[in-house]
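Undergrad: Need a 3D model of the following:
(chains A and B)
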Amino acid sequence: MRRQLLAGMVGALLVLGTPATGAQERFIVVSSTTSTEQSGLFGHILPLFEKDTGIRVRVVALGTGQALDMARRGDADVVFVHDQVAEEKFVADGFGVKRLPVMYNDFVLIGPKGDPAKIAGGRDILAALQKIAAAQAPFVSRGDKSGTHAAELRYWKAAGVDLDAKKGTWYKDTGSGMGPTLNTASSMNGYVLADRGTWLSFRNRGDLAILVEGDQKLFNQYGVMLVNPAKHPHVKKDLGQRFVDWIVSPQGQAAIAGYKIGGEQLFFPNACTIAAWRKSPVSSPRSAGTRDLASRNASRSNSRALAYAGNDARWCEIGSCLPVPARH
Amino acid sequence: MGTFSDSLTLAAALVAHLDPRFVDIVALSLRVSLTATALAACVGLPLGAAIAVGRFPGRQALTVLLNAMMGLPPVVVGLVVYLLLSRAGPLGAFGVLFTPAAMIVAQTILITPIIAALSRQVVADAWGEYREQLTSLGAGTFSAALTLIWDTRYSLATVLLAGFGRAIAEVGAVMIVGGNIDGVTRVMTTTIALETSKGDLPLALALGIVLIAIVLIINALAQYTREWARVRYG
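TA: Okay, the predicted model is just below:
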C-alpha cells in the first residue's frame, strides 16, 4: 500500500514536472517595458512576427532599468526599451550589439480634472511642473528607475526644481510600474507623468485626464538591441537578430502603426522615417510602409512628427530599414 | 459597489465560456503548485517526523528555524531563486529561468518549511501519545517515525493543503522567476497582478474570485476523500 502510494507520487511528479511546451519550439526572450506589454502592443505585433518567421517571442515586461539589468545578466536575447541615455550606456559597456530606433510615442502629464495647480491646457511641461511644485499639489512618481521615471527626473531637473530639497508629502514615490502608479494617482487625485500608450489602455481613470501634452520635450523614443553574444555566448543571436531586423522592417513598422485603441494610434514607428528624413528632408519616404506612416503622422500632427524626427536624427541609423530576410 | 457586482458577473462569464487561454492559465497554476506541494511533501514530511521523533543536538534550534521559515517572504525566495538560476548565477547553465520549472523550484522552497514545521508538530503530538507503546514494541526511531506518519495521515493531509494554499496564492516568487510570460509562465496570481496594473479592476477581481473558488473546490475534494477513506479504511 505504502509502496503503491510512493510509486503513484513519483509517477505524478514525472507527469506534472514535464514542461508542457515542446522543447523543439523556437523562441527568444525579449526583456521589455511594461508600457509595450500592458498597452497591448505586443499582443498585436508578436502574432504577426510569429507568422512571418515561425519564432515565438517570450516577453518579460519590467521597467526599463530592470529590463536592461536582466539583459546585462544574460537572461534575455533582445532588449526593447525606452531610455536613450541608459541604452547608449548599455551598448557602450558592451552588453548590446547595436541600438536601433524603432518607434516613438510621447509622455503626457495626467492630473485631476479639478486641477489644483492650474496647469490644464498648457503645452510647456517644465512650466507645469514648476506650478505643481509651487502649489505642493500631490504628484505621484514611478520611483522605479524605469524609462518614464528617468524622463520625469530629467524634467524636474530642467524645470529647476530641486526634488531632494523640495520633496515633501506632496511627492509620492510608488516604486512600482506605470499601472499601479496610475491606480495610486487615480485614488488620491494626484498628478502623474505617464506614457500615452499605457494611459490609453488604462481603465481605472477615475477623475484623471490629460492636462499637458504636445511639448517637444515629451517625446519618448523606443530602441531595440540584440544582447551581445560576445558577452553571453548562449544568446540566440540568429533568432534575436531576426526579431531586430523584422521590427525595423516595413512589415514590422506597419504592424506597429496598425495598433490602435479606440481609433487612436498608440506608437509611431520611426525606424524608416528617421533614416529617410535625415537623408532627404523634403523628398517623400521610400517604402510603402513609410509612406503610410508619414501620411498618418501628417494627418495627426505634422509639425510634431517632423520636429520629433529632427530631434531624433542624430542617433538614427541610415539603412536600418531593411527588408525581412526570407524564411529558412 | 459596481465593481463587485461587475466582477461576479465577469467571474461567472469566465467559467461559463471556458476561454482556452483562461483554462491554460488555471491549468498551469494547478500544475505548478501541485507539483511544488508534492516535492515539498517528499522533503517536508520525513524532515518534520525526524525532528519530532529523533534525538539529536540542535533539534530545538532546528524547530525554531523551521517555524520561523514558515514566514519566508515569497518575494525574497523569488529573488534568491532568480539569482541562482540567472545566466550570471551558479545554476544559469541549465537555462530554466522563466520556465514553469523555475516557478516549481521557488514554490517548493517556499512551502517546504511550512509542511516540515506543521508535520513536526502533528507527529510530535502523536509521539507523546504513543511513545511508550511504540518503544515497548521495540520500534526504532525510523520505524516509529514511519508509523506515526501513517497514523496521522489525515492530519498531515491538512498540512499539505496548507502548503498548497500558500503555493497557489503567492505571487511574489513566481512573478520574478517566471517573468509572467504570456502563454508560458502566466499563472492566475500573476494575471491578477497584471490586470490590476492595467486598471481593469473588475477583471482582476473576477479572476480572484475564480482562484478562491478553485482552492475551495480542492479543499472540499480533499475533505470528502479524507472522510471517505476514514469510513472505508478506519
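
Undergrad: Tell me how many other residues surround the residue lying closest to residue A:168 once chain neighbours are set aside.
TA: Spatially, and ignoring its direct neighbours in sequence, residue A:168 is nearest to residue A:136 (6.4 Å; Cβ to Cβ, 6 or more residues apart in numbering or on different chains). (Glycine included, C-beta is placed from N, CA and C.) Using other Cβ atoms under 10 Å in any protein chain shown, residue A:136 has 14 other residues around it.

Undergrad: so what pLDDT did residue A:136 get?
TA: We have a pLDDT of 94 for residue A:136.

Undergrad: quick one, phi/psi of it?
TA: Dihedral pair for residue A:136: phi 50, psi 40, per degrees, to the nearest 10.

Undergrad: And for residue B:138, the neighbour number?
TA: The number of residues packed near residue B:138 is 8, by other Cβ under 10 Å.

Undergrad: Give me the local confidence score for it.
TA: So, for residue B:138, pLDDT stands at 85.

Undergrad: Relative to the whole chain's centre, how far out is the strand or helix carrying residue B:126?
TA: Element membership for residue B:126, per DSSP states H and E: helix B:100-136. In terms of Cα atoms, centre = their mean, to the nearest Å, the centre of helix B:100-136 is found 13 Å from the chain centre.

Undergrad: Show me which residues of the following helix or strand past that helix are buried.
TA: Downstream of helix B:100-136, the first helix or strand assigned by DSSP H and E is helix B:141-151. By neighbour count with 16 or more other Cβ atoms under 10 Å in any protein chain shown, helix B:141-151 contains the buried residues B:144-149, B:151.

Undergrad: Please identify the buried residues of the strand or helix carrying residue B:14?
TA: Element membership for residue B:14, per DSSP H and E: helix B:2-17. Going by neighbour count (16+ other Cβ under 10 Å), the buried part of helix B:2-17 is B:7, B:10-11, B:14-15.

Undergrad: what's the answer for stretch A:128-142, then?
TA: Judged by neighbour count using 16+ other Cβ under 10 Å, the buried positions of stretch A:128-142 are A:128-133, A:135, A:137-142.

Undergrad: is the helix holding residue B:126 anywhere near chain A?
TA: Yes: judged by Cβ under 8 Å from any Cβ of the partner chain, helix B:100-136 and chain A are in contact via B:100-101, B:104.

Undergrad: Just list the residues touching residue 218, thanks.
TA: All of this is about chain A. A:106-108, A:125 (Cβ atoms under 8 Å, 6 or more residues apart in numbering or on different chains).

Undergrad: actually chain B
TA: Residue B:218 neighbours (Cβ under 8 Å, 6+ apart): B:161, B:164.

Undergrad: Just say helix, strand or coil for it.
TA: Three-state call for residue B:218 (DSSP: H, G, I helix; E, B strand; the rest coil): helix.

Undergrad: So which of the residues of helix B:100-136 next to chain A is surrounded by the most neighbours?
TA: Most neighbours among those, by other Cβ under 10 Å: residue B:104, with 28 neighbours.

Undergrad: What about the closest residue to chain A within chain B, how many residues nearby?
TA: With Cβ to the nearest Cβ, the shortest gap between chain B and chain A falls at residue B:197, namely 2.9 Å. Neighbourhood size, residue B:197 [other Cβ under 10 Å]: 24.

Undergrad: confidence score at it?
TA: Per the predicted model, pLDDT is 88 at residue B:197.

Undergrad: All set now, cheers.
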